[in-house]
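A.B. asks: Compute the structure for the input listed below.
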Amino acid sequence: MKAIDRVWFWAVLAIAWMGLIYALSDRSGGSYESASEATSWLPFATTVAHIGLYFILSVFVLRTFVLMRPVSKGLIA
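C.D. replies: Take a look at the predicted model:
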């Protein structure tokens, strides 16, 4: 089994990504003023950022679950 296909690797990535999301959400709104000025041309910048962050988290979590139980057995059983 390759090191990248180990359950613990993907679980650690998922937990670290959750920590990053928490750290970003824990900051005050004033610390993002320069970012909002830079992305003012994009109407849904915060929505796009949330979708991206949580999509990456879902990939990490799903990969962890798939490696915990082989795909041939199915995720729901």
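A.B. asks: residue contacts, residue 18?
C.D. replies: Contact criterion CB atoms under 8 Å, 6 or more residues apart in numbering gives residue 57 as the residues in contact with residue 18. Just so you know, the C-beta spots here come from the backbone N, C-alpha and C atoms, and that holds for glycine as well.
A.B. asks: what about it, distance to residue 61?
C.D. replies: 9 Å (CB to CB, to the nearest Å).
A.B. asks: secondary structure element for residue 57?
C.D. replies: According to DSSP states H and E, residue 57 maps onto helix 45-68.
A.B. asks: what comes into contact with that helix?
C.D. replies: Judged by CB under 8 Å, 6+ apart, the contacts made with helix 45-68 from elsewhere in the structure are 5-7, 10-11, 13-14, 17-18, 20-21, 24, 36, 39, 42, 75.
A.B. asks: Just the buried residues of that helix, please?
C.D. replies: Neighbour counts over helix 45-68 (16 or more other CB atoms under 10 Å) mark 57, 60-61, 63-64, 67 as buried.
A.B. asks: Need the max-distance pair from these.
C.D. replies: Of all pairs drawn from the buried residues of helix 45-68, the greatest distance, 16.1 Å, lies between 57 and 67 (CB to CB).
A.B. asks: mind showing which ranges of the protein have poor pLDDT?
C.D. replies: 1, 3, 29, 32, 35-39, 70-77 (pLDDT under 70).
A.B. asks: Now with 90, please.
C.D. replies: In the predicted model of the chain, residues 1-7, 24-49, 65-77 satisfy pLDDT under 90.
A.B. asks: tell me the centre residue of it?
C.D. replies: What sits nearest the mean C-alpha location of the chain, by CA atoms, centre = their mean, is residue 57, with 2.3 Å.
A.B. asks: Give me the phi and psi angles of residue 41.
C.D. replies: phi -70, psi -20 (degrees, to the nearest 10).
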